[in-house]
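**Student:** okay, sequence plus prediction incoming.
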Amino acid sequence: MAGTREERVNGALEHLLERLVPPQTAEEDEAAADQRWDEANELARNYLDAEPEPGVVEDVNHAADKIKRQLLADGNLEARTKFEGLYSRLLAQPVLGQKWAILYFLQKVARGREDAANGHGYKDVDGPDGTDGDEAIDGEDEVEDERAYDEAFARNGLPRISQSRGPDALAPQPSLRDRAVPGRPRTQQQSAEPPEEAKADGVGCPPESALLRDLPFTLQGLSSTNMNFSDKQSLKLPPSLPVPLISLLHTLAEPSLLYRSLSDYVETSDGGLVSQSLRSAIGLELRSYLRLVATLEGQIRRALSQLDDSLPNGGLGKAGVTLKRCVIWTREATLGLRLMSLIVESSKGKKGGELISLIHNFSCSHGDPFVHTFAERLLAHITRPFYNMLRAWIYDGELEDPYHEFFVSESHDYEDSGATSVWEHKYGLQKEMIPTIVTEDFANKVFLIGKSLNFIRYGCGDGAWVENYSKDASRELQYGDTALLATSIDEAYKTVMARLITLMEDKFALFSHLQALKKYLLLGQGDFISLLMESLASNLDRPANSQYRHTLTAQLEHAIRNSNAQFDSADVLRRLDARMLELSHGEIGWDVFTLEYRVDSPLDVIVTPWASKQYLKVFNFLWRVKRVEFALSTTWRRLQTGARGVLAAVGDKLGADWKRARGGIAEMVHFVDQLQYYILFEVIEAGWEGLQKAIKKPDATLDTLISAHTSYLRSITRKGLLGGGAVDFTSQLHELLKLMLAYKDAVDGLYSYSVAEFTRRQDAAARIDTRTRAGRWGVTEADEDAAASPLFQSNAGRGGRGGRDSRADNVDSPIPPLLPMHGGGDGERNMLDQLRQRLRTLETEFKAKVNVLLGDLAYQPDVDMRFLGVVMNFNEVYEPVRRRRGHGTAKSAAGMAKKDAVGGQGGGDKGKGREVEAKA
């Protein structure tokens, strides 16, 4: 241990002399330099070999009392009071174990400073002889403490030392004076012939003044004599610097490296306008950093000019500039550079609103006031392009976004097929690009303002108003002025929306066209529809391939001129047209006829192609219902007209059949009337009232109109039994309408049979009367054998005039002619049985399908649809059947219907239920 201590002392002494003893100058010879070295070495060893001062007693209270007496002797009562407070706090600290050592050290330091101020060096003031006038602190010998101190800093650490070991246990140490004196270290000039580069470099460890001289260049990212940048991310320091200086230079190297990387980022030109604004803002911050470096350089130069070689370290401490102070002065700038570097790294792959949101998160989500202030300062510069885009969008309706950084994007792939495409598909809202400085509702309002202005300019052709609005309302927008921004957006929203709604109402007559669609395509104009159907009935009964558009157009003009439709505006009437749907084999005119109402731009943004298809779908369905009503009404009028004539004459033979037929017709008329009332009034009129309320709202926008019109059509198709639910009501209603038309044809056949029977009876009565007058028998056996209805031809009269006239009369009849049957009375009876069976079957099938329909209506969530089922079955003549999975229920209902039909063949007593329906 002694050898290790001796080596450490020699090494430390040699290093100390190397630093304190000036090196050999050019004018000094080597002997003089060696002499100076020896004298310094001798002086140092004399200090080390001097007798140690007596030990002191580790008594914390005694040390505190001595300091108090010293302060009282100096007359500093305020300092004594302050010391007592600090001393009490020191005693209360359980962590500090060497409280006496702390007080002893502070007392020695204070005494040494006083001696230095009086012209004396640092020396012991507490000698045991009291030469300084104060009482010495008694204690044991300090030899044991010195040994413990030396061993504590040994390579192997502090060994365990017995507490009973006293001064006698210490081995005698040789005097330092008797040891070999280390020689003066030789410089490169005194060794072998050094190269010229080594002469220019000087010593290997540059002084702090040299490092300070190079520091401004290093802070600017420039290489200097002692500190070189090997690459963009590393700084090379001198290898022989002590650890404290290396730690300081490491701290100062951080802003240097950050400045280099940020300078490279600022010089690039990639990214959009917001990214370029970020580079500009970082450039401004770097210029502020350079101003700090310039100020620091001025302070360093002033300090270096005041250096005094006679003072330690050239007197840099008194000059006020050191590396430590440079670290403190650049601390805030380093934080700013560090934050900017973090922003640059995080901004990779981001642009526009995403980049603004990134920096705004530092402002609103960070607890450090410095970071908040710094981010706010950056946002003031970065958001300028964003607010310029926002201003152009909300005041001009133009999207000035060449790098796609705004939260409104323009699509170039949309099909320019009208205002619908412009409004729906030209512009879109990118939610991921909405910066966090604005809310999503705010962004939606901004999006609607700009889109409306663009639509007014290009869709409505009112660019002059947009230009005047931009001149009057445009104002500068900037970050931080939240109140002004909110006010500007609200004013722009109200003004633009009001102008757009006014254009739609006044210039383009939106409400007039919506009402025309309701009147003509939704059958709201009753007199026009009735007249059109009557004029087209004879034509539409023919095959579809025999229909001509000019004929349909002429009938349409006739219906307009002879109804209240003639009082509508010419613009509305010219949009109304009749056309034919695609033809299929076997269809007639009723199946392919339709009305069309043409809507052009910009109204097609509301009446979209989808809406036109919905109008066409509803019209075709209502037109079929109207056709069935027209056919049933025509048949009912014929029955009521012939009830007192032809039908009364054949009542003895066909009275029960006509009673059943009238009940079936009345039942079907009731069903159709209730269905029409429900669709036209409960569905269409209620939806129209809701549409008007939505349109007349004070804060209505074009999107509000589109949404209200779409909801209006969806309500009609859903509640109008045209789809949109779990049950397919459309197919059920079409089947019912077909059954009604088939039943109407069967009733017309029965009427034709009745007319034929009436004609046969009239002819027979005329022959009897003629023969009676001639004095012959009225009826002979030959007449009875050859008697036949005009519907049935005998072999003898097959080519007679009656047959030819009958065929000629049935050419234009909408009722298909009955097949000629032969066999006289047997053929007549067979045909009547077939007609009766046909009517019973159709009635039973109709009732079965109505039962299924009412069962489906009874379990619908909509109250109006449930009420429709109640109205159709108000007298509970039907038995609703709830539909189950599959078709088992329908099949069972059909089977029950067939059983009823078979059981109902017995006669007129079982038709009382039909009488109730007929009366209803």
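**Tutor:** On my side now, so go ahead.

**Student:** residue ranges with poor pLDDT in the stretch 501-650 of the chain?
**Tutor:** The stretch 501-650 of the chain contains no residues with pLDDT under 70.

**Student:** okay, helices next: where are they in it?
**Tutor:** 510-520, 526-540, 549-561, 570-575, 589-592, 609-642, 646-649 (DSSP state H, counting those that start in this stretch).

**Student:** quick check: angle from the helix or strand following the last one to helix 609-642?
**Tutor:** Read it as helix 646-649. Remark: after helix 646-649, the chain's next helix or strand is helix 651-677, criterion DSSP states H and E. Calculated by axes from the mean of the first three to the mean of the last three C-alpha atoms, to 10 degrees, helix 651-677 forms an angle of 160 degrees with helix 609-642.

**Student:** what's helix 651-677 packed up against?
**Tutor:** Contact partners of helix 651-677 among helices and strands, from 3 or more C-beta pairs under 8 Å, 6 or more residues apart in numbering; DSSP states H and E: helix 609-642, helix 729-773, helix 825-858, helix 863-872, helix 912-919. For every residue, glycine as well, the C-beta is placed using N, CA and C.

**Student:** one more pass at 10 Å, please.
**Tutor:** helix 609-642, helix 646-649, helix 729-773, helix 825-858, helix 863-872, helix 912-919 (3 or more C-beta pairs under 10 Å, 6 or more residues apart in numbering; DSSP states H and E).

**Student:** now do the third one against helix 609-642, angle only.
**Tutor:** What separates the directions of helix 729-773 and helix 609-642 is an angle of 20 degrees, with the same axes, to 10 degrees.

**Student:** related to what we said a few turns ago, quick one: closest of the helices of the stretch 501-650 of the chain to residue 433.
**Tutor:** Residue 433 sits nearest to helix 609-642 of all the helices of the stretch 501-650 of the chain, at 29.1 Å, using C-beta to C-beta.

**Student:** residues of the closest one that come out buried?
**Tutor:** Within helix 609-642, the residues that qualify as buried are 611-612, 614-632, 635-636, 639, 642, counting by 16 or more other C-beta atoms under 10 Å.

**Student:** verify the assumption that residue 374 is located in a helix.
**Tutor:** Yes. According to DSSP: H, G, I helix; E, B strand; the rest coil, residue 374 belongs to a helix.

**Student:** how much space separates it from residue 356?
**Tutor:** Per C-beta to C-beta, to the nearest Å, residue 374 is found 15 Å from residue 356.

**Student:** if you count what's nearby, which of those two comes out ahead?
**Tutor:** residue 356 (28 against 22; other C-beta atoms under 10 Å).

**Student:** was I right to think the more buried one contacts residue 438?
**Tutor:** Yes. Applying C-beta atoms under 10 Å, one finds residue 356 in contact with residue 438, separated by 9.5 Å.

**Student:** circling back to that earlier point, okay, the helices and strands packed on helix 651-677 in JSON lines with distance to residue 695 next?
**Tutor:** Shown next, in JSON lines, are these (distance: least, C-beta to C-beta, whole Å):
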{"stretch": "helix 609-642", "distance to residue 695": "15"}
{"stretch": "helix 646-649", "distance to residue 695": "54"}
{"stretch": "helix 729-773", "distance to residue 695": "29"}
{"stretch": "helix 825-858", "distance to residue 695": "31"}
{"stretch": "helix 863-872", "distance to residue 695": "22"}
{"stretch": "helix 912-919", "distance to residue 695": "43"}
